[in-house]
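Participant: Quick one: sequence plus predicted model below, questions after.
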Amino acid sequence: MGHLGAKNVWTRLEGKIDGLWMRAPKRETFREAPVLLYTPEEAERVISMPCGFCPLDRVARACGM
């Protein structure tokens, strides 16, 4: 059942990227890129990071580091 959790991570990452100032295209090619660039653990970190500029301590708290 681990594949279901990983798929959810990629869906959430797509939503995070799509919510930024630039929109993410709804194309299969774009959906394949994060899987090649990030591990599921790294994707979780990106999802938890705040958008925009903020102090490093806030980023660390948001990422649980």
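Facilitator: Done, it's in.
Participant: For R45, give me its contacts.
Facilitator: Residues near R45 by CB atoms under 8 Å, 6 or more residues apart in numbering: C63. C-betas here are computed from N, CA, C, even on glycine.
Participant: So for whichever helix or strand it is part of, what gets flagged as buried?
Facilitator: Element membership for R45 (DSSP states H and E) is helix 40-48. For helix 40-48, a neighbour-count test (16 or more other CB atoms under 10 Å) marks 43-44, 46-47 as buried.
Participant: okay if I get those residues as JSON lines plus pLDDT and distance to V35?
Facilitator: Formatted as JSON lines, those follow (pLDDT from 0 to 100; distance: CB to CB, whole Å):
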{"residue": "A43", "pLDDT": "90", "distance to V35": "9"}
{"residue": "E44", "pLDDT": "89", "distance to V35": "14"}
{"residue": "V46", "pLDDT": "87", "distance to V35": "13"}
{"residue": "I47", "pLDDT": "88", "distance to V35": "14"}
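Participant: So which of those residues is the closest to A33?
Facilitator: Nearest to A33 out of the buried residues of helix 40-48 is A43 (CB to CB; 11.6 Å).
Participant: From what I see, that closest one and E14 are in contact.
Facilitator: No: the criterion here is CB atoms under 8 Å, and A43 misses it with E14 at 9.8 Å.
Participant: anything in contact with each of these two?
Facilitator: Going by CB under 8 Å, 6+ apart, residues that sit against A43 and also against E14 are P34.
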